[in-house]
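[1] My questions are about this predicted structure, shown below with the sequence.
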Amino acid sequence: MQTQSSRESNDISRREAVKRVGALLGGALSASAVSGVMSGCQPSTAPNWTPDALSQAQNRMVTSMTEHIIPATDTPGAKAAQVNRFIDKMLAEWYGEDERSQFLTGLGEVDKRCRQQYGQPYLKCSEENQFALLEHLDQKAFEPDDEGRTGEKKSGDAEEAPADAGEAKKGGAERTEEAVESAQATDTTRAAPESPKPAAVDPAFFRLLKELTLLGYYTSQIGMEQELNVTIVPGRYDGCVPLEEVRPNVA
Amino acid sequence: MTIGRVAVLTEQHDGRAPCHYCGPCHRGCSTGSYFSSLSSTLPAADATGNLTIACDAIVAEVLYDENEQRATGVRVIDRETGRSREVHAEVVFLCASALGSTQILLNSNAGGRFPDGMGNQSGALGHYLMDHIYAAGANGTFEGYEDDFYYGHRPNGIYIPRFRNLDGPSSDDLDFVRGYGYQGSARREGWGRGANQAGIGASLKQNLRRPGTWNMGLSGFGEMLPRYENRVELDSDETDPWGIPLLRVRCEHGENERKMKDDFLVQAQEMLDAAGAKDISTYDRDAPPGLGIHEMGTARMGRDPDTSVLNGWNQVHSVPNVFVTDGACMTSSACQNPSLTYMALTARAADYAVKQLKKREL
């Protein structure tokens, strides 16, 4: 709730500190993800690195997806910042089984969706198709609900229509037909599906992917120094300066 | 509204560097610019040449000599080996945190001499536990100033001193007693906002490069009333790994705390509104006593030994060579941060003890 105040560090609990760090970074991050970083979850930069939680193919998928979310522009993007390694580390060492399997299931759902929509797995799709699909998933993950809120939906309750109690127990791609059709009815960003039952992708998976991508990128050296021009040791405090002086690349 | 009061150096002092405004004070200050016992008082104590630190030493109880009617030292358990040993002293200062000191006193029964704990003739030991009411307030955004930003991170925020139940119109018709202050700060939203809104790709990246809207928040810190029912006691069955009875805590906010907390929201909202904020939202997180980490009371100070544990010099009424100099001594919580008060009380009690020792009156 406050800025980086030494006074407040006397005043708040350790649990609260985690939440507040989330707030410092913009207020929208989950305590779970932020506490991973706070606990020193830092990926290897070794050249012979191999993933722990992800398979090699899943790692290539994640690398591609994170780069679509934060691409190289006039500064390097998520791939150069090795955000995939960060995500693998978080999945392997920080998250519990629930979140890990939600993420891995989500990757499978994306692949299944690609096969049905584009006739090939995600990694074989063109860059354009990959981006179009991710953009669609992003829209679905953050579209307002009936009460106008965004991004607060629980796993499995957004793109899929409400399922009955029996259906709700099914995970991953085995959603109800009704739900999938409902999803298609509002889907205008893609060609007509080849299959009448394209795989739904859990919007909670996409939100997790996006959150981890942003967290991994903007806490990396590339993200902080090159993209945001952050000085780790400012040496002084000035409460009001022109934005361009602090962040010359905003223009 | 004023700037907060913080113990952070702006100049080199006693080998400690000035603040370099890096930001994450809550992770521990790597330059020791921000006061802590590690950066400031322990080095000062070490410099006297009179400091001995016993590591992995858990104090289980204060030892007592029935003939002398005095404490003789403490029994210490080694954290690693579990072995007990005695450390003897003319004077014992308990400064083990409010609950820690009280736990030690409760556990100091001197072989049955103090069945309810040392210094507990009054029955007050363990009672009147307090913490600050907190985790409620309001946030609002401010339009404009989009080309203004800040450089570095100020290790401080603003403070609005207590204004309720002082004399004057702001105290009329309130349904609670005592008061609260606000801590607060303003900032621009960071890149984290991107995790909660639609958009991917180059446009997202460019968008997050620019900081978001200005936001200001006010968070109340309120006084909790001392109540006899809010108490700690030794568990009759369970012990920690070193055989010390666990402390059972029974504590909850009462009607006054709930009504005061409601007022946090109303007043913060009004202030932000009057300041021109938009999109004002209030919050009231579930924050039971303990979350404010300002626990105090349970060995309260008082003139009457029948209703209190410590006298005005933080001495245990019935065992005058034992002092308790942490939050346990507090009789009321006020609404201010208490650490500096504890330090002042400790310095005062230590000074008194030295003078009494020199006069051979302790």
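    Good, I have the coordinates. Numbering: from 1, shown residues only, chains lettered A, B, ... in the order given.
[2] The spatially closest residue to A:Ala57 that is not a sequence neighbour: what's it in contact with?
    Leaving aside its sequence neighbours, A:Ala57 sits nearest to A:Leu123 (Cβ to Cβ, 6 or more residues apart in numbering or on different chains; 6.9 Å). (C-beta placed from N, C-alpha, C; glycine too.) A:Leu123 sits next to A:Ala57, A:Arg60, A:Met61, A:Ser64 when contact means Cβ atoms under 8 Å, 6 or more residues apart in numbering or on different chains.
[3] Using the three-state scheme, assign the residue positioned nearest the centre of chain B.
    Geometric centre of chain B, nearest residue: B:His294, 2.9 Å, by Cα atoms, centre = their mean. B:His294 falls in the coil class when you classify it by DSSP: H, G, I helix; E, B strand; the rest coil.
[4] mind listing what's buried in stretch B:28-45?
    Neighbour-count burial for stretch B:28-45, counted by 16 or more other Cβ atoms under 10 Å in any protein chain shown, picks out B:Cys29, B:Gly32, B:Ser33, B:Tyr34, B:Phe35, B:Ser36, B:Ser39, B:Ser40.
[5] I'd assumed B:Leu9 was in contact with the last one.
    It stands for B:Ser40. No: assessed by Cβ atoms under 8 Å, B:Ser40 is found out of contact with B:Leu9, at 9.5 Å.
[6] Need the residues touching each of these two.
    B:Arg16.
[7] Can you report how many residues neighbour the residue of chain B at minimum distance from chain A?
    The nearest approach of chain B to chain A comes at B:Gly192, 2.5 Å away (Cβ to the nearest Cβ). By the measure other Cβ atoms under 10 Å in any protein chain shown, the count of residues near B:Gly192 is 24.
[8] With B:Met130 instead?
    29.
[9] Could you do B:Asp284 as well?
    Counted with other Cβ under 10 Å, residues neighbouring B:Asp284 total 15.
[10] Need the pLDDT of the closest residue to it other than its chain neighbours.
    Distances taken as Cβ to Cβ, 6+ apart place B:Ala136 nearest to B:Asp284, at 4.2 Å, with adjacent residues excluded. On pLDDT, B:Ala136 comes in at 96.
[11] Let me see the contact set for the residue in the stretch 101-250 of chain A that chain B sits nearest to.
    Residue nearest to chain B within the stretch 101-250 of chain A: A:Pro234 (3.4 Å; Cβ to the nearest Cβ). Going by Cβ under 8 Å, 6+ apart, A:Pro234 touches B:His20, B:Tyr21, B:Cys22, B:Tyr151, B:Gly152, B:His153.
[12] Figure out the helix or strand that B:Val59 lives in.
    strand B:57-65 (DSSP states H and E).
[13] residue ranges for the strands of the stretch 1-150 of chain B, please.
    Residue ranges of the strands in the stretch 1-150 of chain B, as given by DSSP state E, counting those that start in this stretch, are B:2-3, B:57-65, B:70-78, B:84-88, B:92-94, B:136-142, B:148-151.
[14] Let's have the ones you listed in TSV, adding mean neighbour count.
    Putting these into TSV (neighbours: other Cβ atoms under 10 Å in any protein chain shown) gives the following:
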stretch	mean neighbour count
strand B:2-3	9
strand B:57-65	19
strand B:70-78	19
strand B:84-88	12
strand B:92-94	22
strand B:136-142	23
strand B:148-151	18
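[15] Compare those and give me the one nearest A:Thr45.
    strand B:148-151 (29.5 Å; Cβ to Cβ).
[16] how far is that closest one from where the chain is centred?
    32 Å (Cα atoms, centre = their mean, to the nearest Å).
[17] quick check, that strand touching chain A?
    Yes: contact of strand B:148-151 with chain A (Cβ under 8 Å from any Cβ of the partner chain) involves B:Asp148, B:Phe149, B:Tyr150, B:Tyr151.
[18] would you list every one of the strands in chain A?
    A:238-242 (DSSP state E).
[19] Break it down into its structural domains.
    Following automatic domain parsing, chain A resolves into domains at A:1-40, A:55-250.
[20] rewinding a little: for the residue nearest to the centre of chain B, list the residues it contacts.
    Per Cβ under 8 Å, 6+ apart, neighbours of B:His294: A:Asp11, B:Met130, B:Asp131, B:His132, B:Gly327, B:Ser333, B:Asn337, B:Pro338.
[21] circling back to that earlier point, wait, the residue nearest to B:Asp284 touches B:Met260, no?
    No: applying Cβ under 8 Å, one finds B:Ala136 not in contact with B:Met260, separated by 9.4 Å.
[22] Mutual contacts of these two, please.
    With Cβ under 8 Å, 6+ apart as the test, B:Ala136 and B:Met260 both reach B:Gly220.
[23] Do a quick rundown of the helices in the chain.
    Defaulting to chain A. Taking DSSP state H as the test, the helices found in chain A are A:6-11, A:14-24, A:31-38, A:56-69, A:83-89, A:97-118, A:127-142, A:165-168, A:177-185, A:203-218, A:221, A:243-246.
[24] think we crossed wires, I meant chain B
    Going by DSSP H, chain B shows helices at B:42-47, B:98-106, B:202-209, B:255-274, B:339-358.
[25] Might you report the residue contacts of the residue lying closest to B:Ala334 once chain neighbours are set aside?
    Distances taken as Cβ to Cβ, 6+ apart place B:Glu223 nearest to B:Ala334, at 5.6 Å, with adjacent residues excluded. Applying Cβ under 8 Å, 6+ apart, we find B:Glu223 in contact with B:His132, B:Ile133, B:Arg178, B:Gly179, B:Tyr180, B:Met260, B:Ser332, B:Ser333, B:Ala334, B:Cys335.
[26] re earlier: give the partner strands of the strand holding B:Val59 in its sheet and their orientations.
    Strand B:57-65 pairs in its sheet with strand B:70-78 (antiparallel), by DSSP bridges.
[27] outside of the partner strand, which residues touch it?
    B:54, B:56-65, B:83-89, B:92, B:104, B:118, B:242-244, B:319-322.
[28] mind running it again at 7 Å?
    B:54, B:56-65, B:84-89, B:92, B:242, B:319, B:321-322 (Cβ atoms under 7 Å, 6 or more residues apart in numbering or on different chains).
[29] Stretch B:108-126 now?
    B:61-62, B:64, B:66, B:102, B:105-106, B:231-233, B:298-300, B:305-309, B:316-319.
[30] how about it: buried residues?
    For stretch B:108-126, by 16+ other Cβ under 10 Å, it's B:108-110, B:114, B:116-120, B:122, B:124-126.
[31] about what we covered before: out of the domains of chain A, which gets the lowest mean score?
    Taking the mean pLDDT of the domains of chain A, domain A:1-40 comes last: a mean of 52.
[32] Find me the pLDDT at residue 50, would you?
    You didn't pick a chain, so chain A it is. Looking at A:Thr50, the pLDDT reads 94.
[33] my question was about chain B
    So, for B:Asn50, pLDDT stands at 95.
[34] Please name the residues that touch it.
    Contacts of B:Asn50 (Cβ under 7 Å, 6+ apart): none.
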